[in-house]
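> With the input below, show me the fold.
(chains A and B)
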Amino acid sequence: MTTTWVRHNRVRLALHELRPARSPDTRPLLLLHGLGERTPQRPPAVTDGWEGAVLGLDFVGHGRSTRPVGGGYTAEVLMADVDAALAAVGAVTILGRGLGAYVALLAAGGRPSLVRGVVLADGPGLAGGGTRPGSPYIGPAGLPAGPPSPDPAVPDPWALFELSRDVRPPDYAQEYVRQAMEWSGLTRPIVVAAVTRPEWLAAVAAEPGVVDAGVVEGLGLLATA
Amino acid sequence: MQSRLRAVLESHPRGDPAPPPITPAEGGPHIDGARRPDRSWWVDAGGLRLAVYEWGPPDAPPIVAAHGGFDFAGTFDLFAPLLVAGGYRFVAWDARGHGDSDWAVLYNWSADLRDALAVLDSVSAEPVVLLGHSKGGNLVLELADALPHRVSHLVNLDGLPSKNNWPDVSEHERTRLLHGELESWLDHRRRCADAERRPGTLDELAERRARMNPRLSMEWLRYLVTIGARRDADGWRWKIDPSLRLGGFGPWRPEWSMQRMPGLSMPVLGVLGLETEVMGWGTRPADVEPYLPPRARFEALDGVGHFVHIEQPRLVADIVLDFLGSSW
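Alright, predicted model coming up:
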């Protein structure tokens, strides 16, 4: 596994190459991990059929990427993390797990020219904080006041707290499907592979043109898209 | 508790021995009635350093105030002295990334709430009057909902969001607008690592700010430059983090904030400026009235814009003092 570094504002993001391309004609597959996870050390078995390179991005506050001081995480800023990686590597197909699936959807809508299809899979942080705010809660006492642990295996506690509570209204998620449908030029840019379907994801799956398929089958469809 | 907290903060290893600056930079105009704070201190909010300012006697009952987006505590320089004259001390802070507070790596609503609580903890453990303008009004509304035991009275100055200023367009048109907004924001994020605020003369900075504050006098805006901007070798620059941007998109809906209001148990004062302008919400009295809690007082001001406390400091201070006086 080789790692390069991508800058996004004051954050240094770790972009890993888990496996080089077998065929120069296939674009890279970018893996987006779930909440609290990091890029796996080896390419997961579901990517065995992918002929292009297999890459993975550690989100801000996760893996080997910067731990910011004082939290402030949003799914939208993670979308911009992905866009910083796209600026470095060009067009990719994305396989996202959990939180990474939600961010993959945002990236598909936000940068439709560079995201050539996404597969949304089960993983930690898939649900987020539901469809609307609950009773307000300012934050847990006792989280570290200083810089979080630099240990790559230990995510920033503020990331865990904030990105498990961000609201994900179904119509907001659907807007990103429409962005991808309208501007990517792909007829089927989004594959829903997750078994668990929180409201935002059920709404995405119900949109015209969204494919319901397993991860391997979905990647197969997008490889030739 | 207050002095102990401040002692802890002053001994913090990151602590700058000098408190946040109070004296304005030279070159600005004199504004009748405007007064800089009497003292200032730093608050450590989860590792970020926030600049806090206080006007008035340290033993007077506190009003803790949150400024709006792209503002800073010094925008209360006209309003705070009037409340001090009414028997209060007035405490305001620069939000993360604004004024003299640290630039953060990340910004979101829940971090702003935590920062507010850290400031509140540095002021008093007892219930206080919470006041906020614009985004700050929205912030104190949520603080009051989350921590009712810390809030004796809530004052909201033109910070009651509604959908009125959202474009009323077809679904297809909205998809096109969002496409442009997303692309432009992501392009901004690609560039902002090396971004700096554009330098200019004092007058140029005041003129730029006039686009956000079209109803405020140029003299006032020039005064704000001497507090909210710094003078570099190549000109003045606003201190605000260049990665911050006005507007944007996201899952948040304005109606969610107003829905917090009916359940509040402390006395609530809402003030609306009825002149619509760029930084305001365009909220009308009829949008607010159904959500007022039982002990609320509501004032809608004709001919006054979004910055009610800057356009009409005397009028708004009198409304606030009367509200606080009658509801003790």
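> all strands in the chain, in order from the N-terminus.
If you meant another chain, say so; for now it's chain A. Along chain A, counting by DSSP state E, strands occupy A:2-8, A:11-19, A:29-32, A:54-57, A:92-97, A:115-121, A:190-192, A:211-212.
> wrong one, I was asking about chain B
B:39-45, B:48-55, B:62-66, B:89-93, B:128-133, B:151-157, B:229-232, B:235-238, B:268-273, B:296-301.
> do you know which of those lies nearest chain A?
Taking CB to the nearest CB, strand B:48-55 is the member of the strands of chain B nearest to chain A, at 4.2 Å. Where C-beta positions appear, they are placed from N, C-alpha and C, glycine not excepted.
> Which secondary structure elements does the closest one sit against?
Contact here means 3 or more CB pairs under 8 Å, 6 or more residues apart in numbering or on different chains; DSSP states H and E; on that basis strand B:48-55 packs against strand B:39-45, helix B:80-85, strand B:89-93, helix B:109-123.
> Looking at the strands of chain A, spot the one closest to chain B.
Comparing the strands of chain A by CB to the nearest CB, strand A:2-8 comes nearest, at 5.3 Å.
> got a list of contacts for the longest helix seen in chain B?
Taking DSSP state H as the criterion, chain B has its longest helix at helix B:171-191. Helix B:171-191 is contacted from outside by A:8-9, A:77, A:79-80, A:83-84, A:87, A:109-111, A:175, A:178-179, A:182-183, B:167, B:169, B:243, B:245, B:247-249, using CB atoms under 8 Å, 6 or more residues apart in numbering or on different chains.
> Can you check what angle separates it from strand A:2-8?
Counting by axes from the mean of the first three to the mean of the last three CA atoms, to 10 degrees, helix B:171-191 points 110 degrees away from the direction of strand A:2-8.
> Give me the buried positions along helix B:171-191.
Buried residues in helix B:171-191, counted by 16 or more other CB atoms under 10 Å in any protein chain shown: B:175, B:178-179, B:182-183, B:185-186, B:188-190.
> Of those, which pair is most distant in space?
B:Thr175 and B:Arg190 (22.7 Å; CB to CB).
> what's the spacing between the residue most central in space within chain B and B:Leu117?
For chain B, B:His67 is the residue whose C-alpha lies nearest the centre (CA atoms, centre = their mean; 1.0 Å). Applying CB to CB, to the nearest Å, the value for B:His67 to B:Leu117 is 16 Å.
> B:Pro293 now?
22 Å.
> How about B:Leu315?
For B:Leu315 relative to B:Leu117 (CB to CB), the value is 31 Å.
> Kindly report the same for A:Val195.
Taking CB to CB as the measure, A:Val195 and B:Leu117 are separated by 39 Å.
> Looking only at neighbour counts, state which of those two leads.
B:Leu117 (18 against 8; other CB atoms under 10 Å in any protein chain shown).
> Do you know the pLDDT at the more buried one?
Here the pLDDT value assigned to B:Leu117 is 96.
> go on, B:Glu255?
For B:Glu255, pLDDT reads 87.
> residues in contact with it?
For B:Glu255, the contacting residues are B:161-163, by CB under 8 Å, 6+ apart.
> From the residues you listed, which land in helices?
Per DSSP H, those never map to helices.
> low-scoring pLDDT stretches of chain A, where are they?
A:140-147 (pLDDT under 70).
> Quick test: name the residue nearest the centre of it.
A:Gly100 (2.7 Å).
> In space, what's closest to it - neighbours in sequence excluded?
In this structure, A:Gly100 finds its nearest non-sequential neighbour in A:Leu32, 3.0 Å apart by CB to CB, 6 or more residues apart in numbering or on different chains.
> The one you found: neighbouring residues, count only.
The burial count for A:Leu32: 30, using other CB under 10 Å.
> There's contact between it and A:Leu106 in this structure, I believe.
No - in this structure A:Leu32 lies outside contact range of A:Leu106 using CB atoms under 8 Å: 10.5 Å.
> how near is the closest residue to chain A within the stretch 201-328 of chain B to A:Gly129?
Nearest to chain A in the stretch 201-328 of chain B, going by CB to the nearest CB, is B:Pro251, at a distance of 4.4 Å. To A:Gly129, B:Pro251 is 10 Å away according to CB to CB.
> more crowded one of these two?
B:Pro251 (22 against 15).
> where along chain A do the helices fall?
A:75-89, A:99-110, A:157-162, A:170-183, A:199-205, A:215-223.
> Deepest-packed of the ones you listed, please.
helix A:99-110 (a mean of 29; mean count of other CB atoms under 10 Å in any protein chain shown).
> Return the distance of that helix from the chain's centre.
5 Å (CA atoms, centre = their mean, to the nearest Å).
> That one relative to helix B:171-191, how many degrees between them?
Going by the same axes, to 10 degrees, helix A:99-110 makes 110 degrees with helix B:171-191.
> quick one: contacts for the nearest residue to B:Val119 once chain neighbours are set aside?
Leaving aside its sequence neighbours, B:Val119 sits nearest to B:Trp93 (CB to CB, 6+ apart; 4.7 Å). Residues near B:Trp93 by CB under 8 Å, 6+ apart: B:43, B:50-53, B:66, B:73, B:101, B:115-116, B:119.
> for those, which one is nearest B:Ser134?
Out of these, the member with the shortest distance to B:Ser134 (by CB to CB) is B:Ala66, at 9.0 Å.
> Which residue, other than its chain neighbours, is closest to that closest one?
Nearest one to B:Ala66, counting by CB to CB, 6+ apart, is B:Gly136 at 3.1 Å.
> count of neighbours near residue 26?
No chain was given, so I picked chain A. 15.
> nope, chain B please
7.
> Check the one 4 residues further on too.
The local packing of B:His30 (other CB under 10 Å) involves 7 other residues.
> mind checking the backbone torsions on it?
phi -90, psi 130 (degrees, to the nearest 10).
> Tell me the confidence at it?
Model confidence at B:His30 (pLDDT) stands at 95.
> For B:Gln230, grab the count of nearby residues.
Residue B:230: Arg, not Gln. B:Arg230 has 15 nearby residues by other CB under 10 Å.
> er, A:Val54 I mean
25.
> Pull the contacting residues for it.
A:17-19, A:28-29, A:31, A:43, A:47 are the contacts of A:Val54 under CB under 8 Å, 6+ apart.
> which among those residues gets closest to B:Glu289?
Closest to B:Glu289, out of all of the contacts of A:Val54 and judged by CB to CB, is A:Leu31, at 51.4 Å.
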